[in-house]
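1. I'd like to go over a predicted model; first the sequence, then the structure.
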Amino acid sequence: MDQQKTRLFLDDLVVGMPFSSGTIDITADAIRSFASQFDPQPFHLDEEAARPTLFGGLAASGWHTAALTMRLIVDSLPFDGGLIGTRCDLTWPLPTRPGDRLRAEGEIAEINPSRSKPDRGIVVMHCRTLNQDGGVVQTLTASLLVFRRPATETL
């Protein structure tokens, strides 16, 4: 795919514009690997230790789910200059489990062109990360820095 043709600019976006991603499959090994590096708690590392906890079994770290979601969003919203976050609000209504197949879907909620820097703006995006059963494992509202199409560049 020609990345030059797929780049998105502030000028390409409209409020309500939907997006959806491909999928990522989650394994117990991936959950344990991420947790051992970044969130080494028993319910992320060991099935037996996780059983008597709130999760009732092995569950991915919320930060693992967030990282996977980031990958899904980057692949589905190819903003020129990258996906540059300025703030976000995350929730994890359901745990991500081994065997889950995650996908992200969402929409552009706000577009706020900068008054002081006309080459950019702030875009607010709402995103839901869903498992294979449609269960919401993460919600994300993010403010993103998005650049305008340069005047010298045409469609």
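-> Good, I have the coordinates.
2. burial count for residue 97?
-> 18 (other CB atoms under 10 Å). Just so you know, the C-beta spots here come from the backbone N, C-alpha and C atoms, and that holds for glycine as well.
3. Report how many residues lie close to the nearest residue to residue 11 once chain neighbours are set aside.
-> Leaving aside its chain neighbours, residue 11 sits nearest to residue 149 (4.9 Å; criterion: CB to CB, 6 or more residues apart in numbering). Residue 149 has 16 neighbours, counted by other CB under 10 Å.
4. So what does residue 149 have for phi and psi?
-> The phi/psi pair for residue 149 (degrees, to the nearest 10) reads phi -70, psi 130.
5. my guess is it contacts residue 9, does it?
-> Yes: using CB atoms under 8 Å, residue 149 is in contact with residue 9, at 4.1 Å.
6. who touches both of the two?
-> Common contact partners of residue 149 and residue 9 (CB atoms under 8 Å, 6 or more residues apart in numbering): residue 80.
7. Need the three-state assignment for the residue lying closest to residue 18 once chain neighbours are set aside.
-> Excluding the flanking residues, the one nearest residue 18 by CB to CB, 6+ apart is residue 107, at 4.9 Å. What DSSP: H, G, I helix; E, B strand; the rest coil gives for residue 107 is strand.
8. Specify the beta-bridge partners of residue 122.
-> residue 112, residue 145 (DSSP bridges).
9. any weak-confidence spans in the chain?
-> 1-5, 153-155 (pLDDT under 70).
10. Now do stretch 23-41: everything it contacts.
-> Under the criterion CB under 8 Å, 6+ apart, residues 44-47, 58-61, 63-64, 67-68, 71-72, 96-103 lie in contact with stretch 23-41.
11. Selection in ChimeraX covering whichever of the residues you listed are buried, please.
-> A single ChimeraX command selects the buried members of the contacts of stretch 23-41 (16 or more other CB atoms under 10 Å):
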select :44,45,58,59,60,61,64,68,72,96,97,98,100,102,103
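12. Please tell me how far the residue nearest to residue 11 sits from residue 65.
-> Distance of residue 149 to residue 65, given as CB to CB, to the nearest Å: 33 Å.
13. Compute the number of surrounding residues for the residue nearest to residue 14 when sequence neighbours are not counted.
-> Leaving aside its sequence neighbours, residue 14 sits nearest to residue 108 (CB to CB, 6+ apart; 6.8 Å). Per other CB under 10 Å, the neighbour tally for residue 108 reads 19.
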